[in-house]
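J.: would you be able to build a 3D model of this:
(chains A, B and C)
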Amino acid sequence: MDNELIEKVLDEIRKKVDLKNFDQEQLNKIIKSSSENLMQRQNNDIRKENKIDNEREVDSMSAPSPITEYVGTSNYGDTVGLVIANVDSMLHEKMGIDKKYRSIGIISDRTGAGPQIMAADEAVKATNTEVVSIELPRDTKGGAGHGALIILASEDVSDSRRAVEVALRDTNRTFGDVYGFDAGHVELHYTARASYALNKAFGAPIGKSFGIIVGAPAGLGVVMADKALKTANVDLVSYASPGNGGTSYTNEVIITITGDSGAVRQSVVAAREVGLSIARSMGQNPVSTTGKPYI
Amino acid sequence: MDNELIEKVLDEIRKKVDLKNFDQEQLNKIIKSSSENLMQRQNNDIRKENKIDNEREVDSMSAPSPITEYVGTSNYGDTVGLVIANVDSMLHEKMGIDKKYRSIGIISDRTGAGPQIMAADEAVKATNTEVVSIELPRDTKGGAGHGALIILASEDVSDSRRAVEVALRDTNRTFGDVYGFDAGHVELHYTARASYALNKAFGAPIGKSFGIIVGAPAGLGVVMADKALKTANVDLVSYASPGNGGTSYTNEVIITITGDSGAVRQSVVAAREVGLSIARSMGQNPVSTTGKPYI
Amino acid sequence: MDNELIEKVLDEIRKKVDLKNFDQEQLNKIIKSSSENLMQRQNNDIRKENKIDNEREVDSMSAPSPITEYVGTSNYGDTVGLVIANVDSMLHEKMGIDKKYRSIGIISDRTGAGPQIMAADEAVKATNTEVVSIELPRDTKGGAGHGALIILASEDVSDSRRAVEVALRDTNRTFGDVYGFDAGHVELHYTARASYALNKAFGAPIGKSFGIIVGAPAGLGVVMADKALKTANVDLVSYASPGNGGTSYTNEVIITITGDSGAVRQSVVAAREVGLSIARSMGQNPVSTTGKPYI
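T.: Numbers count the residues shown, from 1 in each chain, chains lettered A, B, ... in the order given. The predicted model follows:
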């Protein structure tokens, strides 16, 4: 990514420099605009490789890959979707997949757990698949949080494939309230009706309104959690901190809440405001990964 | 940070380039000086955002933040200080805070555990607060070590706030013997009298002389530990390695020692010398994060 | 590393720019070539600091270091080799070293576990040393995988030193099938005869053919594992995923296999092909760390 940045700066300089009119003024402008671009991106710790990746996704989803297992990539978080039509029996057993399923769908990424789990939750609602496991590596490519490995299963591979496609697309929505900045991130999720992926990952009550509140470094998450719980009448489902076993030693505090739909949303929004304000007080500039907050 | 570097190079070029006299010689000089600056910083894996952050800290500590929970930031390690005057009862319970305290102080960072714990130890000595928990995420923004989440508690919020302020300031001292380099880091701490934060984090005997010795990658820490224990008559309090449960899977070996004040200091200094020498033999250039070793 | 890149670009510009003929065309060429260099390196997430480090290794191995514990560095993965002739008794006990050994050899690195363990396996075969412990920090400097801390022991320090030297050199071979790319890595290892290091780390049957298959992000590893197990008649020795305790929360799926020598090799090669193809379908460009695949 850093190399991409350098490359883009060089590219911009190349595009803009006309050496006939090459003077101090102009150089200043070029450098200033490049610097501003860099600063903007710097605030986006969680990668938003949108344009390039958009094309790549379209390509990879439409163009035939030589690998039948390959479904496609998402625009965010280095998320890849894969399927196996007929899982090898030894692997099937080790992965703890129910015997009635022979096919699996895989959603795997470097940056983000919440967005991919939320997306998988929608995918499970929309397809005939079941959640096998959700595992959270310590990752984000040097950032403060997780990646994810989500395994879905189905009797027929077409169901797994469909679920993976739905999930990959839905990350365009669910990354909307992931706000990256140099020193950490603030992340919010909300659904009016939790399903099996959220239940598997966080113990969400099925069919109920559910919210996820994440702050990094972890101290931000503590204050966000406090604000969320004070704002409306919601129940605390889970509290995870760097050392309590609920994270994979990430630098995050993560709480999940349930309750009345309006109350959950209100709490999540209040947590977002306090999280973003603290980040700004720290001299950071948090920005939405997609530019389109969804809550 | 990398983007900041790029930005600064561009900035320097902008400042220095006078196109009227724009010739090969000058360009060489500009680039050479920029390169040297870059190399110098490169050796400082653990961030030393001194000037900018200094101003930022002063600003954030003096200027009113819209968030009452926000106390300020430290110059090093992306350390932020926060307080909650009256912790929500559900959160209070989940965090395992003693019922007699309603206020908490939070010290949270991306890079460094030792410096912040040492600073919190001084803060606890100086204020009417108690240590609730110290958790160590696997972090350092892609480096080999930890971040930290330190929770202090008090009956009155002013005590927590005061403790957080003391701790943030003291990191200017405690980062003095953190030596970063591209391949890892060497870190030392020493106090003549350990208090409750060091006790909580490492089992330090209260009121006794105490030293912390850290090397990364972990192999450096092994040799540093050996040297420390051979140098003077000290007792080994704890030995933590990547896989023995004492770290959060960081690439460090950390030992802590106690004993006679002179002996502990002598051991720490000897460990520092061997650690820095190995780093230099590896072709690295370890430098003090603050430029002011304190031991 | 990123700063090195910046520095090198500046260096290249410095070398190539002749301001007398400084025109748009030329600037374009310079920037294009710099960009291409950058892109090439970007695809090499796992560092291949070959030329510089080669010299450095030769230097450090031949030039006397002031530290008798220092053996040298490897070309890859920030790997350092160290020895302690006579381990301090307190440390000896904490590290769980057999009483009959007073010397240890240390192989410690930031990036890579498989290559260093494979190399240590050869070292143990070639020398009179024993494996004490193999620990796997979550590292790779922001990448998706491990570092390693490998401790060997011997009665005489010359044996430990020799083993460390053998292992450092052998990483030139074992990094051949480590393929880095921006979004993760694909890594393969194969030996016709596993020894004590592979046994310690993965439970490999001593003296039997053994293969290691790693994919990151973890989903790649799942598909590679499935392919390997379907390709030939091999036995699954271990299956490690981000959350099942087999990794240190890395973003990898790692399987190890044993069986007939030809079958193991065939499985490993098939896994490599599918892993590299998926990476390419993701728009990545995986390249061998050394440029010389060994399987």
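J.: where in chain A is pLDDT low?
T.: Flagging of chain A using pLDDT under 70 yields the residue ranges A:1-64.
J.: residue ranges of each domain in it, please.
T.: If the domains of chain A are taken from automatic domain parsing, they occupy A:2-42, A:50-173, A:179-288, with pieces of a single domain joined by a plus sign.
J.: for whichever residue of chain A sits closest to chain C, list each beta-bridge partner.
T.: Scanning chain A for proximity to chain C using C-beta to the nearest C-beta identifies residue A:108 as nearest, at 2.6 Å. C-beta: built from backbone N, CA, C; applies to glycine. Here residue A:108 sits in beta bridges with residue A:80, residue A:149, going by DSSP bridges.
J.: so it touches residue A:151, yeah?
T.: No. The pair residue A:108 and residue A:151 fails to qualify as a contact (C-beta atoms under 8 Å) at a distance of 9.1 Å.
J.: tell me, what's touching the two both at once?
T.: Each of residue C:222 lies in contact with both residue A:108 and residue A:151 under the rule C-beta atoms under 8 Å, 6 or more residues apart in numbering or on different chains.
J.: the two - which one has more neighbours?
T.: Of the pair residue A:108 and residue A:151, residue A:108 is the one with more neighbours under other C-beta atoms under 10 Å in any protein chain shown, namely 31 against 26.
J.: residue B:82 versus that one, what's the distance?
T.: 34 Å (C-beta to C-beta, to the nearest Å).
J.: helices along the stretch 101-250 of chain A, start to end?
T.: Along the stretch 101-250 of chain A, counting by DSSP state H, counting those that start in this stretch, helices occupy A:114-126, A:157-174, A:196-202, A:218-231.
J.: export those helices as TSV, with columns for mean neighbour count and distance to chain B.
T.: Converted to TSV, the helices of the stretch 101-250 of chain A look like this (neighbours: other C-beta atoms under 10 Å in any protein chain shown; distance: least, C-beta to the nearest C-beta, whole Å):
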stretch	mean neighbour count	distance to chain B
helix A:114-126	26	17
helix A:157-174	23	24
helix A:196-202	22	14
helix A:218-231	27	3
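J.: next, format the ones you listed as TSV and append distance to residue C:247.
T.: As requested, those are arranged in TSV below (distance: least, C-beta to C-beta, whole Å):
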stretch	distance to residue C:247
helix A:114-126	19
helix A:157-174	23
helix A:196-202	18
helix A:218-231	22
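J.: out of these, nearest to residue C:192?
T.: If you check each of these against residue C:192 by C-beta to C-beta, helix A:157-174 wins as the nearest, at 36.6 Å.
J.: distance between the closest one and the chain's centre?
T.: The gap between the average C-alpha position of helix A:157-174 and the chain average comes to 14 Å, counting by C-alpha atoms, centre = their mean, to the nearest Å.
J.: go on, stretch A:207-219?
T.: On C-alpha atoms, centre = their mean, the centre of stretch A:207-219 falls 13 Å from the chain's centre.
J.: buried residues in it, which are they?
T.: Buried positions in stretch A:207-219, judged by neighbour count with 16 or more other C-beta atoms under 10 Å in any protein chain shown: A:208, A:209, A:210, A:211, A:212, A:213, A:214, A:215, A:216, A:217, A:218, A:219.
J.: next one: stretch A:258-265
T.: Across stretch A:258-265, burial judged by 16+ other C-beta under 10 Å covers A:258, A:259, A:261, A:263, A:264, A:265.
J.: got it, and stretch A:138-158?
T.: A:138-154, A:157.
J.: just to revisit the earlier point, any chance of CSV for the helices of the stretch 101-250 of chain A, columns distance to chain C?
T.: CSV is the format used below for the helices of the stretch 101-250 of chain A (distance: least, C-beta to the nearest C-beta, whole Å):
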stretch, distance to chain C
helix A:114-126, 11
helix A:157-174, 10
helix A:196-202, 11
helix A:218-231, 16
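J.: looking at these, spot the one closest to residue B:162.
T.: Go through those one by one with C-beta to C-beta and the one that ends up closest to residue B:162 is helix A:218-231, at 17.1 Å.
J.: you'd agree residue A:242 is up against residue A:249?
T.: Yes. Contact criterion C-beta under 8 Å: residue A:242 and residue A:249 qualify, at 6.0 Å.
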